[in-house]
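Engineer: pasted the sequence and its predicted model underneath.
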Amino acid sequence: MNFNTYPDAEMMAIDVASVLADDLAEALHNKDRVVLAVPGGTTPGPIFDSLSAADLDWDRVDVVLTDERWVPEDHERSNSALIKARLLTNRAIAARYLPLYAPAEAPEAVLAELETTILGALPVDVALLGMGADMHTASLFPGADGLETALASDAPVLVPIRREDLPDVRITLSARVLDAAVRKHILIKGADKREALQAAQKLPKEEAPIKSVSSGAEVHWTE
């Protein structure tokens, strides 16, 4: 991992958006289509605001979430709603969105259909990842039902994740898919998360799932 430190969140957002745009431009120079994987949540929002205006061939970019809650797009906890409002706008409105949700009571009912679409677009060219204080990334939560499958070397593309304290079932790209991204960026804020990320490198990946995707990543950090 390589740490990049920023004086504040605003500068980090501007710089990370520029780095992601450069990574995508390089990938587009070498391939007909490229894949950008991004997290939900509020922290990357300002990055998306800047990135959406980047002068790229967005019609050749596939955007996929690293993970999603199993809720409709009009639900207040939907990551898709955030992505469409803040990233898939401006120039980036031309990008193709690959959803991790389809109308069904449980993800298992439509998982094969969702996975087929994403599988045809892989590998991920550029991945932006977050991390929680518990050292989870995407929906790879310690102690969750489905984590073992998601961390396996032969994991499927998509894995349903359940844990009693999570209000929604999650669907996540597996660690195998995320770790195979050509360019990986980890976005964290606060001293606690920096310490957690460093501590994760000495723990089993089952206890610190971020470890399964952090090798070779660029870490972007601010207080």
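Structural biologist: Good, I have the coordinates.
Engineer: quick one: residues in contact with stretch 31-42.
Structural biologist: 20, 24, 27-28, 44, 48, 60-68, 79, 82-83, 87, 95, 98, 121-130, 138, 173, 178, 181, 187 (Cβ atoms under 8 Å, 6 or more residues apart in numbering). C-beta coordinates here come from the backbone N, C-alpha and C atoms, glycine included.
Engineer: now a PyMOL select for only the buried ones of the residues you listed.
Structural biologist: Buried members of the contacts of stretch 31-42, defined by 16 or more other Cβ atoms under 10 Å, are picked up in PyMOL with:
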select buried, resi 20+24+27+28+44+48+60+61+62+63+64+65+66+67+68+79+82+83+87+95+98+121+122+124+125+126+127+128+129+130+138+173+178+181+187
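Engineer: in helices, which of the contacts of stretch 31-42 appear?
Structural biologist: For those, membership in helices holds for L20, L24, A27, L28, F48, N79, L82, I83, L178, with DSSP state H as the criterion.
Engineer: can you lay out those as CSV showing pLDDT and distance to S215?
Structural biologist: Shown next, in CSV, are these (pLDDT from 0 to 100; distance: Cβ to Cβ, whole Å):
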residue, pLDDT, distance to S215
L20, 98, 19
L24, 98, 21
A27, 98, 20
L28, 98, 25
F48, 98, 25
N79, 95, 25
L82, 92, 28
I83, 95, 26
L178, 98, 11
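Engineer: show me which of the residues you listed is closest to E218.
Structural biologist: L20 (10.2 Å; Cβ to Cβ).
Engineer: so how far is R170 from the residue nearest to the closest one when sequence neighbours are not counted?
Structural biologist: Nearest residue to L20 in three dimensions, chain neighbours excluded: L51, at 5.6 Å (Cβ to Cβ, 6 or more residues apart in numbering). Here the criterion is Cβ to Cβ, to the nearest Å. By it, L51 lies 24 Å from R170.
Engineer: got it, and A133?
Structural biologist: 17 Å.
Engineer: those two: who's more crowded?
Structural biologist: R170 (23 against 12; other Cβ atoms under 10 Å).
Engineer: that one pairs with what?
Structural biologist: Beta bridges link R170 to R69, I161, judged by DSSP bridges.
Engineer: that one contacts S139, doesn't it?
Structural biologist: Yes: using Cβ atoms under 8 Å, R170 and S139 qualify as a contacting pair, with a distance of 3.6 Å.
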